[in-house]
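Enquirer: Let's see this in three dimensions:
(2 chains)
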Amino acid sequence: GDSVTQMEGPVTLSEEAFLTINCTYTATGYPSLFWYVQYPGEGLQLLLKATKADDKGSNKGFEATYRKETTSFHLEKGSVQVSDSAVYFCALEGGATNKLIFGTGTLLAVQP
Amino acid sequence: DAGITQSPRYKITETGRQVTLMCHQTWSHSYMFWYRQDLGHGLRLIYYSAAADITDKGEVPDGYVVSRSKTENFPLTLESATRSQTSVYFCASTQGEGVGYTFGSGTRLTVV
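Expert: Numbering: from 1, shown residues only, chains lettered A, B, ... in the order given. Presented below is the predicted three-dimensional model:
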């Protein structure tokens, strides 16, 4: 079945460092791909999305490109801030029922 | 206010009791979902609904019951709570494919 694999955390970075969180997927067909962010004590918020191959999703300085050839959707940011500290979830949406399948999440901790 | 609202925010219940978690959305989204979030497992789908009176099982439905008599409400009932159902529960909704979900703030349930 469909699945999402994302890199284990926690990821600890200094402020202004470059961020990459890897995400790969297995799916039949051509799913839509998403990154969600969860701040402490809150629900998940949609960060960015891409609905077809080679699409680049971007928001708040974060970017991810839908790579069909490598079945990947890696999250990147050029310069992280302390306020980016959160758990990041990669997800795919496939099939007729719009169900989202999530990775296990990656905790990002940014230190000043 | 427009949005998706979960209640209660926190709940402590005893083993064997029935408990209902409420979810209400104001957009008339067709699709609604219940997930549970546990450390090491990410988010797992319990039940989903494509429209009023249409529900289906997700990945971990055992011990849970849902109903959807109105488009805007999607309550989740634990028929006889067990300690393994201690978790954070999130409700979500979406209008369709490729749009992404909107999540509620979650209900933290503790079964003692």
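
Enquirer: what residues does chain A put near chain B?
Expert: Contact residues, chain A versus chain B (Cβ under 8 Å from any Cβ of the partner chain): A:32, A:34, A:36, A:42-46, A:49, A:51, A:89, A:93, A:97-105. C-beta coordinates here come from the backbone N, C-alpha and C atoms, glycine included.

Enquirer: Give the buried subset of those residues as a ChimeraX selection command.
Expert: Buried subset of these, written as a ChimeraX selection, criterion 16 or more other Cβ atoms under 10 Å in any protein chain shown:
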select /A:32,34,36,43,44,46,49,51,89,93,98,99,100,101,102,103,104,105
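
Enquirer: Going by neighbour count, list what's buried in stretch A:49-69.
Expert: A:49-51, A:57, A:62-67.

Enquirer: what does chain B put close to chain A?
Expert: Checking chain B against chain A by Cβ under 8 Å from any Cβ, the hits are B:31, B:33, B:35, B:40-43, B:45, B:48, B:50, B:56, B:58, B:90, B:92, B:94, B:96-98, B:100-106.

Enquirer: In PyMOL, how would I select just the buried ones from those?
Expert: Command for PyMOL, covering only those of the residues of chain B next to chain A found buried under the criterion 16+ other Cβ under 10 Å:
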select buried, chain B and resi 31+33+35+42+43+45+48+58+90+92+94+97+100+101+102+103+104+105+106
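
Enquirer: Could you pick out which of the buried residues of stretch A:49-69 are located in strands?
Expert: Among these, the members found in strands (DSSP state E) are A:49-50, A:57, A:62-65.

Enquirer: contacting residues for residue 25?
Expert: Picked chain A for this. A:2-5, A:31, A:33, A:71-73, A:90, A:92 (Cβ atoms under 8 Å, 6 or more residues apart in numbering or on different chains).

Enquirer: Chain B was what I was after
Expert: B:3-5, B:32, B:72, B:74, B:91, B:93, B:102.

Enquirer: Over to B:Gly104?
Expert: A:43, B:4-6, B:23, B:90-92.

Enquirer: Distance to B:Leu78 and pLDDT for the buried residues of stretch A:49-69 - can I get that in TSV?
Expert: Below are the buried residues of stretch A:49-69 laid out as TSV (distance: Cβ to Cβ, whole Å; pLDDT from 0 to 100):
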residue	distance to B:Leu78	pLDDT
A:Lys49	32	95
A:Ala50	36	95
A:Thr51	35	92
A:Gly57	36	97
A:Phe62	36	98
A:Glu63	40	98
A:Ala64	36	98
A:Thr65	41	98
A:Tyr66	38	97
A:Arg67	41	96
